[in-house]
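>>> Predicted structure and sequence below. I'll ask about it afterward.
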Amino acid sequence: MAEPIRIVIIDDEAPIRRFLRASIEPEDVEWIEADSAAEGKRQIARVNPDVVLLDLGLPDEDGLEVLRSLRDWTTVPIIILTARGQEHEKVLALDAGADDYVTKPFSVPELMARVRVALRHAKDTSIENEATFELDGLRIDFSARRVECGDEEVRLTPTEYKLLAVLARHSGKVLTHRFLLSEVWGPGYLESTHTLRVHMGALRQKLLANHGRLIRTETGVGYRLG
């Protein structure tokens, strides 16, 4: 039997914590609860969890500051779990190092799906040191700069290839528009979202119908591969 996923949830709303405990079998998740930023940081340092669920509205410290301080010393996947649903809040959190963002109210199956994606991304963080990347029939040979869908080679422009490579190296993680623009075009293009949309559309078309859907749009925020 697989070990349960160890999750630290930092949320001052006791009903949310009780709801999650009651909704998910204990053999699937081991919950470690904290109702404040200070307690959450102590628990993360103590138990070294697989995933952190972090509320932004905490009583003793803003969640974004907690996120930034955690990223100073841990690479644990962090999923924001909050009632703040504005796009700019999502962008701020993702740029500060969050792996994903779930808005309350939420469904438990969706939350656990995002937890699994974050765990897969954490497992695959060594991708940048590997020669190839494979996902559902999509294959990238980084050394040869070759992309295949199934058995067919896909010919990309240098910019399209660079865009796909960045998505692959962060597979499973939401990448904001500003991050992608900075990585692919440089810091002088941070506001060129139209350029990004045009190249993303062309990339999706070239990856064929089935594989183009591997690139998912997070409306108003960015994109995710896988």
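Good, I have the coordinates. Numbers count the residues shown, from 1 in each chain.
>>> Just give me the neighbour total for the closest residue to Ser182 other than its chain neighbours.
Counting by C-beta to C-beta, 6 or more residues apart in numbering, Ser182 lies nearest to Leu190, which is 6.2 Å off, once chain neighbours are set aside. Where you see a C-beta, it was placed from the backbone N, CA and C, and this is true even at glycine. Using other C-beta atoms under 10 Å, Leu190 has 14 other residues around it.
>>> Same question for Gly201.
11.
>>> mind listing what's buried in the strand or helix carrying it?
Element membership of Gly201, judged by DSSP states H and E, is helix 193-206. Burial within helix 193-206, assessed by neighbour count using 16 or more other C-beta atoms under 10 Å, is assigned to Leu196, His199, Met200, Leu203, Arg204, Lys206.
>>> now those residues as JSON lines including distance to Arg17 and pLDDT?
Formatted as JSON lines, the buried residues of helix 193-206 follow (distance: C-beta to C-beta, whole Å; pLDDT from 0 to 100):
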{"residue": "Leu196", "distance to Arg17": "38", "pLDDT": "94"}
{"residue": "His199", "distance to Arg17": "42", "pLDDT": "94"}
{"residue": "Met200", "distance to Arg17": "38", "pLDDT": "94"}
{"residue": "Leu203", "distance to Arg17": "41", "pLDDT": "93"}
{"residue": "Arg204", "distance to Arg17": "39", "pLDDT": "90"}
{"residue": "Lys206", "distance to Arg17": "45", "pLDDT": "88"}
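>>> Leu163 contacts Leu203, doesn't it?
Yes. Leu163 is in contact with Leu203 according to C-beta atoms under 8 Å; the separation is 5.9 Å.
>>> From what I see, Ser171 and Tyr223 are in contact.
No. In this structure Ser171 lies outside contact range of Tyr223 using C-beta under 8 Å: 11.4 Å.
>>> what's the longest helix seen in the chain packed up against?
Longest helix of the chain, by residue count under DSSP state H: helix 108-123. Applying 3 or more C-beta pairs under 8 Å, 6 or more residues apart in numbering; DSSP states H and E, one finds that helix 108-123 contacts strand 5-10, helix 14-23, strand 51-54, strand 78-82, strand 100-103.
>>> Who are the packing partners of the helix holding Gly201?
Counting by 3+ C-beta pairs under 8 Å, 6+ apart, helix 193-206 packs on helix 158-169, helix 177-184, helix 208-212, strand 215-218.
>>> how about the ones you listed, which one is nearest Gly85?
Gly85 sits nearest to strand 215-218 of all these, at 12.7 Å, using C-beta to C-beta.
>>> roughly how far is that closest one from the heart of the chain?
Its chain's average C-alpha position is 11 Å from that of strand 215-218, according to C-alpha atoms, centre = their mean, to the nearest Å.
>>> can I see the domain layout of the chain?
Split into domains by automatic domain parsing, the chain comes to 5-123, 126-225.
>>> Compare these and say which comes out lowest on pLDDT.
Note on the domains of the chain: lowest mean pLDDT is at domain 126-225, with a mean of 85.
>>> what separates that domain from the chain centre, distance-wise?
15 Å.
>>> Next: stretch 13-31.
22 Å.
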